[in-house]
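1. Return atomic coordinates for the entry below.
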Amino acid sequence: MTLNEMKKLLEASIPGKRFRHSVAVYETALKMAECFECDKEKVAIAALLHDCGREVPTKESVAWAQAHDFPVDEIEANQPILLHSKIGTYFAKEKYGIDDIEILDAIRYHTTGTDNMTDLAKIVFLADIIEPNRDYPGVDDLRKASFKNLDKAMLMAYSNTTTYLFEEGLLVHPNCIKGYNELVLKAKKK
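-> Sure thing, here's the model as predicted:
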């Protein structure tokens, strides 16, 4: 399936606002790929499809995941919005024909992050939260950092995310903590 075919299928599968967001993430991620010499084709596919799991409404995602034998952890069961990334890997494979593990991992971890992320996964994660339509305290600083140093930008993103989650009384997924801790330890070794 070509990228244009994927785009058309995605547009028909998710709400218009979500599709426009996906295109903005795609465009942002491609600009980042140039800065970090990352495979543009993989970045394009992963960024475009990162939210393809939103085809399943959040309120139905736990039941959908269980019906498809996807493991649902306690955090996801209580914050089912997180499941769209796992569901997205299913649609990326089954509907869009993606079998590249690096692309699938970028989709899988774009909501929580994790340790051992590739540059591709970091670009999709960051592009999702800095695309031009995003507006929250600190986004401009994060945008600048995202085009300079992926690891520093990821640390900023983890910090922003956990602060928001703490302030809202929401749960923090263990993958977020693993990703943050890995990068802090890496920075301390330098």
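
2. What separation do you get for His84 and Ser22?
-> 12 Å (Cβ to Cβ, to the nearest Å). The way it works is simple: take the backbone N, C-alpha and C, and place the C-beta from them, glycine included.

3. Quickly list what's touching both of these two.
-> Counting by Cβ atoms under 8 Å, 6 or more residues apart in numbering, the contacts common to His84 and Ser22 are Asp51.

4. Please list all residues in contact with Leu82.
-> Ile75, Glu76, Thr111, Thr112, His173.

5. Need the three-state assignment for the residue positioned nearest the centre of the chain.
-> In the chain, the residue lying closest to the centroid (Cα atoms, centre = their mean) is His110, at 1.8 Å. Following DSSP: H, G, I helix; E, B strand; the rest coil, the label given to His110 is coil.

6. Please tell me the pLDDT value assigned to it.
-> Looking at His110, its pLDDT reads 97.

7. Run through the residues that contact it.
-> Counting by Cβ under 8 Å, 6+ apart, His110 touches His50, Ser85, Ala121, Val124, Phe125, Asp128.

8. if you set the cut-off to 10 Å instead, what comes out?
-> 25, 46-47, 49-51, 53, 84-85, 88, 117, 121-129 (Cβ atoms under 10 Å, 6 or more residues apart in numbering).

9. taking these one by one, which sit in strands?
-> Per DSSP state E, strands hold no members of the contacts of His110.

10. Out of the residues you listed, name the ones that lie in helices.
-> Counting by DSSP state H, the part of those found in helices is 25, 46-47, 49, 84-85, 88, 121-129.

11. Among the residues you listed, name the buried ones.
-> Neighbour counting over these (16 or more other Cβ atoms under 10 Å) leaves 25, 46-47, 49, 84-85, 88, 121-129 as the buried ones.

12. Name the nearest of those residues relative to Leu9.
-> Comparing these against Leu9 with Cβ to Cβ places Leu49 closest, at 9.7 Å.

13. In contact with the closest one, which residues?
-> By Cβ under 10 Å, 6+ apart, the neighbours of Leu49 are 3, 6-7, 9-10, 22, 25-26, 88-89, 91-92, 95-96, 98, 103-104, 106-107, 110, 124.
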